[in-house]
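[1] Sequence below, structure please.
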Amino acid sequence: MIHLFLKLYGVLLATLVVSFLLQIQLMDFIWKETSIKVDFRVRFVPTFHLIDEALAGLPRDQWPLRFRELAAGLGVPARLTTGETFAERERFRPEQVEAFGNGAIVSLDRDGGGFTLARRLRAGGAVVAIDYPGTNTARVRMITYLANWAIEFARRRAVFFWVRPFWRDLLEMRRAADAVGAGQFEARAMVGRHSALRELAEAFNLMTQRVASLMQSHRTLTSAVSHELRTPLTRLRFSHSLAREEPGAEGKDRFLARMERDIGEIDELTSELLDYAKLERGSPVTSLQSVPAEPWLEDVLADARGDTAAPEVEIRSEVALEAVRCEPRYMARAVVNLLRNARMHARSTVSVTLLREDGRTVIHVDDDGSGIQASDRERLFEPFVRLDESRARDSGGFGLGLAIVRQVARWHGGEASISHSPLGGARVSIAW
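    Next up is the predicted model:
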């Protein structure tokens with residue numbers, strides 16, 4: 001992770017250096033272009049011409065006095081010297097030497113700012129130099145460079161401080177991922193409330209929680225399966241042993257019938273486990289479709305009535321909508337599970353109601369049994385949970401029916417709940 005951060009910062013520094021170099025080249029180009037386009041020396045031609053004319057008609061010994069009088073009116077320092085004593089001549093470029101010899105005005109930058117204009121007079125080899133103080137252009141350019149560089153550097157520092165929280169949060173994500181990889185499923189990625197990676201951290205934490213839940217479900221299923229299979233397998237082994245020792249055909253048939261019941265119980269448990277595992281560990285292949293409500297419910301009730309358990313219990317139905325949107329097979333399985341549980345605990349009547357409430361499709365399954373205490377209602381949706389009064393295999397099942405109901409409701413985007421029934425017993429509802 002640190003290598004990624006260093007690479008990013010290296011890119012920022014490289015772009016900063018390139019930006020500095022480009023600014024230097026661009027400013028030099030602009031400076032030269034603006035200075036070359038205007039030849040300011042043309043404005044001073046009359047000044048030098050007047051000085052030349054004023055001195056040309058005087059004797060040489062009167063030149064210094066007359067020049068001082070003229071210089072006093074210029075308002076800037078001026079010098080009258082000879083070509084041999086004019087010190088700035090050493091700084092002339094070759095083209096300036098030629099121009100100076102031809103009587104043209106030559107310009108030189110002054111130390112500390114401004115410029116000096118020099119020209120040879122027509123007679124006597126004298127040189128007039130006028131100094132014009134001004135801004136130190138080199139200093140201005142350097143200040144401009146430094147200001148631009150400071151702004152660029154500040155901008156890069158701002159990028160650094162903007163990127164730094166990303167790096168810190170990525171390190172936190174990596175720490176949490178390493179912890180989860182080591183089996184610490186309680187680890188969570190903790191980032192700031194306003195972090196740009198908050199949604200990613202929340203998704204990671206949700207995934208971790210889901211993985212932990214699946215691992216716990218796997219352990220629960222493994223333990224429960226071994227426990228649930230042990231009883232029918234023990235009975236099957238015992239019946240098989242007795243059948244081998246039974247001399248009469250009638251006795252063997254009796255034990256074989258017991259063995260068939262145990263095999264059927266194992267087969268039913270296997271089907272329940274497969275259905276629950278499919279719903280718990282991932283979304284099944286579901287295709288929600290709109291089906292006629294009353295015919296669909298009639299088929300579900302026909303399957304439930306075919307169960308030989310509690311044949312004396314009456315099943316009533318009420319349909320208050322024309323169509324229901326669901327995955328017909330899985331939702332039918334959930335309702336059949338509810339009807340089986342209701343028939344096991346009902347005294348005489350089970351009622352099924354299909355309607356719309358608050359914009360959702362709702363199925364209520366009511367019975368007139370003894371009901372379920374509020375403290376036990378949520379626990380009954382956990383796999384392999386049976387209440388004390390329902391532990392017998394004949395009445396309690398395997399404890400997977402309501403767990404499957406809840407998973408089916410969740411995959412439909414809804415929920416399952418238990419409440420008090422108007423019939424006096426329990427009401428189990430699916431709403432989606």
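
[2] Could you check the pLDDT of the residue lying farthest from the centre of the chain?
    In the chain, residue 59 marks the outermost C-alpha relative to the chain mean, sitting 91.7 Å out by C-alpha atoms, centre = their mean. Residue 59 carries a pLDDT value of 89.

[3] Distance of it relative to residue 126?
    When C-beta to C-beta, to the nearest Å is the yardstick, residue 59 and residue 126 sit 13 Å from each other. No exception for glycine: its C-beta is placed from N, CA and C like everyone else's.

[4] ok now do residue 55, which residues does it touch?
    63, 66-67, 121, 123, 126 (C-beta atoms under 8 Å, 6 or more residues apart in numbering).

[5] try 6 Å
    residue 63 (C-beta atoms under 6 Å, 6 or more residues apart in numbering).

[6] For it, give its distance to residue 129.
    To residue 129, residue 55 is 14 Å away according to C-beta to C-beta.

[7] can you check residue 314 too?
    126 Å.

[8] For the two, indicate the residue with more neighbours.
    residue 129 (19 against 12; other C-beta atoms under 10 Å).

[9] which SS state does the residue nearest in space to the middle of the chain fall under?
    Nearest to the geometric centre of the chain sits residue 200, at 4.1 Å (C-alpha atoms, centre = their mean). What DSSP: H, G, I helix; E, B strand; the rest coil gives for residue 200 is helix.

[10] State the helix or strand in which the spatially closest residue to it that is not a sequence neighbour lies.
    Using C-beta to C-beta, 6 or more residues apart in numbering and skipping residues adjacent in sequence, the residue nearest residue 200 is residue 173, 7.1 Å away. Here residue 173, judged by DSSP states H and E, is contained in helix 137-181.

[11] just checking, what packs against that helix?
    The helices and strands touching helix 137-181, judged by 3 or more C-beta pairs under 6 Å, 6 or more residues apart in numbering; DSSP states H and E, are helix 2-37.

[12] and if we set it to 10 Å?
    Judged by 3 or more C-beta pairs under 10 Å, 6 or more residues apart in numbering; DSSP states H and E, helix 137-181 is in contact with helix 2-37, helix 198-245.

[13] and the first one, average pLDDT?
    In this case it means helix 2-37. Averaging pLDDT along helix 2-37 gives 69.

[14] Downstream of that helix, the next helix or strand is which one?
    Using DSSP H and E, the helix or strand that follows helix 2-37 in sequence is helix 45-56.

[15] mind saving the C-alpha coords of that following helix as PDB?
    Coordinates of each C-alpha in helix 45-56 appear next as PDB, following Å, rounded to 0.1, in the frame of the first residue of the first chain:
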ATOM      1  CA  VAL A  45      16.000  60.200 -30.500                       C
ATOM      2  CA  PRO A  46      14.800  63.900 -30.200                       C
ATOM      3  CA  THR A  47      16.500  64.100 -26.700                       C
ATOM      4  CA  PHE A  48      19.900  63.000 -28.000                       C
ATOM      5  CA  HIS A  49      19.500  65.100 -31.200                       C
ATOM      6  CA  LEU A  50      18.900  68.300 -29.100                       C
ATOM      7  CA  ILE A  51      21.900  67.600 -26.900                       C
ATOM      8  CA  ASP A  52      24.000  66.900 -30.000                       C
ATOM      9  CA  GLU A  53      22.900  70.200 -31.700                       C
ATOM     10  CA  ALA A  54      23.400  72.200 -28.500                       C
ATOM     11  CA  LEU A  55      27.000  71.000 -28.100                       C
ATOM     12  CA  ALA A  56      28.000  71.000 -31.700                       C
END
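
[16] Would you mind giving the domain segments of the protein?
    As given by automatic domain parsing, the domain ranges for the chain are 39-134, 198-281, 289-431.

[17] how about those in a markdown table, adding distance to residue 189?
    A markdown table is the format used below for the domains of the chain (distance: least, C-beta to C-beta, whole Å):
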| stretch | distance to residue 189 |
| --- | --- |
| domain 39-134 | 61 |
| domain 198-281 | 4 |
| domain 289-431 | 25 |
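
[18] For residue 164, find the nearest of those domains.
    domain 198-281 (16.3 Å; C-beta to C-beta).

[19] how far does the closest one sit from the chain's center?
    How far domain 198-281 lies from its chain's middle: 41 Å, per C-alpha atoms, centre = their mean, to the nearest Å.

[20] what's the model's confidence in that domain, averaged?
    Here domain 198-281 scores 78 as its mean pLDDT.

[21] Show me the helices in the stretch 301-432 of the chain, by range?
    Per DSSP state H, counting those that start in this stretch, the stretch 301-432 of the chain carries helices over the ranges 328-345, 374-377, 393-396, 401-411.

[22] ok, back up a step: just the domains of the chain: most buried one?
    domain 289-431 (a mean of 17; mean count of other C-beta atoms under 10 Å).

[23] how long is it end to end?
    Using C-alpha to C-alpha, to the nearest Å, the span of domain 289-431 from its first residue to its last is 16 Å.

[24] next one: that domain to chain centre, how far?
    Distance of domain 289-431 from the chain centroid (C-alpha atoms, centre = their mean) equals 41 Å.

[25] pretty sure residue 425 is touching residue 372, no?
    Yes: with contacts counted by C-beta atoms under 10 Å, residue 425 reaches residue 372, the gap being 8.2 Å.

[26] Please enumerate the shared neighbours of these two.
    Listed as contacting both residue 425 and residue 372 by C-beta atoms under 10 Å, 6 or more residues apart in numbering are residue 345.
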